[in-house]
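>>> Mind looking at a prediction? Sequence and model below.
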Amino acid sequence: RVVLELAAQGDGGDNKKEEKCEEKEEEEKKEDVPVRRVPVVRRAPAPKVRARPTVTPAVEPSRGMLILQSLSKLKSLPTVPSSTLPTLVQSTLALSLSDTPAAAAAVAPVVDIVPTDRTDTISTDAAQGSECPWTFETPYKAPIVAARYLTQTPVTAAQSATQNPTNPLTAFHNAMPLHGPNYQPENEKRVLELTIGIPDGWEYQPGDSIGMLSPPNPTSVVDTLLTQLKANPAAVIALEEGELTVRDALTYALDIVTLPKKRELAMLANCTSDKKEANALRLLASKTPLGSKLYDGLIVGQHISLHEIPEYFPTCQPTLDLLWEMRGKNTELRDVNAANTPRYYSVSSSPLVQPKTVQVCFAVVDYLTPEFGDFTAQRRIGGVITAHLETLVAPLLAGKEFACVPTVSIFPKPTEEFHLPVDLAQPLILVGPGTGVAPFHGFLSHRAAQRTQTLDQQQLGPMELFFGCRTSHDELFSTEITHFQTEGVLTHYHQVHSRTGNDEKYVQHVMLREEIGKRLVQSVTQENGCVYICGDGNHMGKDVQEAFVTLLTRYGDLKVEGNDEEKEVAARSCLENLKSEKRFLLDIWS
């Protein structure tokens, strides 16, 4: 049994060995056969597909934003606190518009004209028995019977404008450029004198003024604004006082050509869709130092009118309701814009010499704005009234004859204090640089006429006139002043030029001469003299008053013993006393 089992095991072991040998032989055979290796291509995993973000194209900053960034030197304008903004009230105004034709009378021509043969015979029954029928609401349509330049200005531009009646302003600009090879410095300064007919019953004194209403808004401006508003020009606006079309409203009843006030800029910001532009308008409207600086640089410096705000900030889209709330004025006048603030001009004539006419003179506003890089070129800015009047009287300036005389709408504006004293012997000190000399030409004319009427029975008191201008080109009333000196009406005349290189540039410098200063102090402290100052109130008016303080400190018998500071205090007190006695009078403007 044992032997049999062992034998069986032995046979199994041999069989296994044989199997191993056979496997080994097969492997050796395989190794002898060459194997062709196929390269393995490994593919990169498919990338994950991501949705591309929507890229909004960069929006170029508007012209207004570029100027503000240039002025502030900031790429991003700061947000202003609401406490610095004007307080606004929720508007409830909603104009009633319809397509029904307006019941109002047809609009009169832009410039009313009267025959020249009516110039000297104008009469108004309304003046009889009434105090004054001519006011801002009911102005008088007065003929302009004469016009001339008081400066040494050639009339070639006026002649060009006369030959181009459809666009006289362009003719003026082309003939009188403010830059370029044909530029002349004299082109910048032009002073006009107008002689205007007045009706029976119109009374005035030297020193008074007249108010003048603005012309209608230019058609080009109205058309641009109609496009911005997307308004139907023939649509009718129903008001409590009557009806008028949208075009008439924009032409005659809305002041759209003057600068926007800060409160109005805050209102416009509320209808501006772009956040940056809305913030910029609020910054301009704010009381912050930066806001005031930018307002002066953009709105004032570039002379941006109300209707031009959407051009500088395109996402500002005001409505007609908003414009009417800001600037609307219902009026039945159809030859002027009664919504515009009237301009006031000092009378330069005497009723004793010209009882049927009144004369005024004014500087024509005409200048170029500064430029900002490549995004804002210089603009030529003209006065709302003065530029209009210069083109209106171009035929008169050019010496052309015509059958009809253009009119202007005026009303009297008397003054309570700026008049000649009743006593003809009272000394007068007159200070009037530039067009500030206008009322003093009336004073001198009046005094000369009074002396003629009294047949020299009363001796005229001394009159001393201080006049200043830039160069001899700007000298006003030169011939007339020479005549007054020759006749003995004007005792002393001082003229100073600010741009000729002299040390004495302004009238106050001449007044501080010792000989002149002593005479002025003696006049006001010992001879009951009166001082009249007319002109610029921002600088000249203040400087002349300071000059009088200096003169009173130096030469006045102030009966003050002490240092210079105490004497100056006494001099200022003396000046205030002169004002309270109506012997130191000012007619100044900003």
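Good, I have the coordinates.

>>> any low-confidence regions in the stretch 401-550 of the chain?
403, 455-458 (pLDDT under 70).

>>> Which parts of it are strands?
Secondary structure of the stretch 401-550 of the chain (DSSP state E, counting those that start in this stretch): strands located at 404-413, 428-431, 463-469, 492-497, 530-536.

>>> Residue 420: which of the ones you listed is closest?
For the strands of the stretch 401-550 of the chain, the distance to residue 420 is smallest for strand 428-431, at 7.7 Å, taking CB to CB. Just so you know, the C-beta spots here come from the backbone N, C-alpha and C atoms, and that holds for glycine as well.

>>> Work out the gap between that closest one and the centre of the chain.
Relative to the centre of its chain, strand 428-431 is centred 31 Å away, using CA atoms, centre = their mean, to the nearest Å.

>>> can you list the strands of the stretch 401-550 of the chain in TSV and add distance to residue 362?
Formatted as TSV, the strands of the stretch 401-550 of the chain follow (distance: least, CB to CB, whole Å):
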stretch	distance to residue 362
strand 404-413	12
strand 428-431	19
strand 463-469	15
strand 492-497	20
strand 530-536	12
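
>>> export those strands to CSV and tack on distance to residue 360 and mean neighbour count?
Formatted as CSV, the strands of the stretch 401-550 of the chain follow (distance: least, CB to CB, whole Å; neighbours: other CB atoms under 10 Å):
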stretch, distance to residue 360, mean neighbour count
strand 404-413, 9, 20
strand 428-431, 18, 24
strand 463-469, 18, 24
strand 492-497, 22, 16
strand 530-536, 13, 23
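
>>> just so I know, which of those strands lies nearest residue 74?
Comparing the strands of the stretch 401-550 of the chain by CB to CB, strand 530-536 comes nearest, at 33.7 Å.

>>> Just after the helix or strand of the chain with the lowest mean pLDDT, pick out the following helix or strand.
When each helix and strand of the chain is scored by mean pLDDT, DSSP states H and E, strand 113-115 comes last, with a mean of 33. Using DSSP states H and E, the helix or strand that directly follows strand 113-115 along the chain is strand 140-149.

>>> Whichever helix or strand comes after that following strand to strand 140-149, inter-axis angle?
Per DSSP H and E, the first helix or strand lying C-terminal to strand 140-149 is helix 156-163. Helix 156-163 runs at 130 degrees relative to strand 140-149, counting by axes from the mean of the first three to the mean of the last three CA atoms, to 10 degrees.

>>> Could you check how many residues crowd around residue 554?
Look at residue 554: counted by other CB atoms under 10 Å, it has 15 neighbours.

>>> Can you give me the buried ones in the helix or strand hosting it?
Element membership for residue 554 (DSSP H and E) is helix 540-555. Across helix 540-555, burial judged by 16 or more other CB atoms under 10 Å covers 540-541, 544-545, 547-553, 555.

>>> Same question for stretch 563-570.
567-568, 570.

>>> Looking at those residues, which is nearest residue 262?
Comparing the buried residues of stretch 563-570 against residue 262 with CB to CB places residue 568 closest, at 37.2 Å.

>>> Surely the closest one and residue 549 touch.
Yes - with contact defined as CB atoms under 8 Å, residue 568 reaches residue 549; the gap is 6.5 Å.

>>> What about residue 274, how many residues nearby?
For residue 274, using other CB under 10 Å, the count is 16.

>>> what do you get for residue 238?
14.

>>> for the one 5 residues further on, same thing?
The burial count assigned to residue 243 is 17, neighbours taken as other CB under 10 Å.

>>> likewise residue 94?
Per other CB under 10 Å, the neighbour tally for residue 94 reads 9.

>>> Can you classify it by secondary structure?
coil (DSSP: H, G, I helix; E, B strand; the rest coil).

>>> From residue 319, how far out is it?
When distance is defined by CB to CB, to the nearest Å, residue 94 is 10 Å away from residue 319.

>>> which stretches of the stretch 1-150 of the chain aren't confidently modelled?
In the stretch 1-150 of the chain (pLDDT under 70), the answer is 1-59, 91-93, 100-130.

>>> Chain neighbours aside, what residue packs nearest to residue 317?
In space, residue 317 comes closest to residue 271 once its chain neighbours are excluded; the distance is 5.7 Å by CB to CB, 6 or more residues apart in numbering.

>>> does that neighbour really touch residue 319, like I thought?
Yes - assessed by CB under 8 Å, residue 271 is found in contact with residue 319 at 6.9 Å.

>>> tell me which residues in stretch 134-151 are buried?
For stretch 134-151, a neighbour-count test (16+ other CB under 10 Å) marks 134, 139-151 as buried.

>>> go on, stretch 61-77?
Those would be 61-69, 71-72, 77, for stretch 61-77 by 16+ other CB under 10 Å.

>>> how many neighbours does the nearest residue to residue 137 once chain neighbours are set aside have?
Nearest in space to residue 137, with sequence neighbours left out and distances taken as CB to CB, 6+ apart, is residue 338 at 7.7 Å. By other CB under 10 Å, the residues close to residue 338 number 21.

>>> do residue 509 as well
Neighbourhood size, residue 509 [other CB under 10 Å]: 16.

>>> Select from the buried residues of stretch 61-77 every entry located in helices.
Here DSSP state H is the test, and those give 63-69, 71-72 as lying in helices.

>>> want to try TSV for those, with distance to residue 324 as columns?
Formatted as TSV, these follow (distance: CB to CB, whole Å):
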residue	distance to residue 324
63	27
64	24
65	28
66	31
67	28
68	28
69	33
71	31
72	33
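
>>> quick one: which of the residues you listed is nearest residue 201?
Among those, residue 64 lies closest to residue 201 (CB to CB), at 50.3 Å.

>>> How about the closest one: what's its closest non-neighbour residue?
Nearest in space to residue 64, with sequence neighbours left out and distances taken as CB to CB, 6+ apart, is residue 312 at 3.3 Å.

>>> count of neighbours near the one you found?
With neighbours defined by other CB under 10 Å, the count for residue 312 comes to 22.

>>> How about the backbone phi and psi for it?
phi -90, psi -30 (degrees, to the nearest 10).

>>> Now for residue 310: which residues touch it?
Neighbouring residues of residue 310 by CB atoms under 8 Å, 6 or more residues apart in numbering: 228, 316-318.

>>> Would you quantify the distance from residue 229 to residue 308?
The spacing between residue 229 and residue 308, counted by CB to CB, is 14 Å.

>>> Look at those two and report which has more neighbours.
residue 308 (21 against 18).

>>> for the more buried one, helix, strand, or coil?
Put simply, residue 308 is helix when judged by three-state DSSP.

>>> Let me know the pLDDT of it.
Residue 308 is assigned 95 on the pLDDT scale.

>>> quick one: it from residue 554, how far?
Using CB to CB, residue 308 is found at 51 Å from residue 554.

>>> cool, residue 143 as well?
52 Å.

>>> and of the ones in helices among the buried residues of stretch 61-77, the nearest to residue 326?
Closest approach to residue 326 among these (CB to CB): residue 64, at 18.6 Å.

>>> Correct me if wrong: that closest one contacts residue 315.
No - look at residue 64 against residue 315 with CB under 8 Å: they stay out of range, at 10.5 Å.
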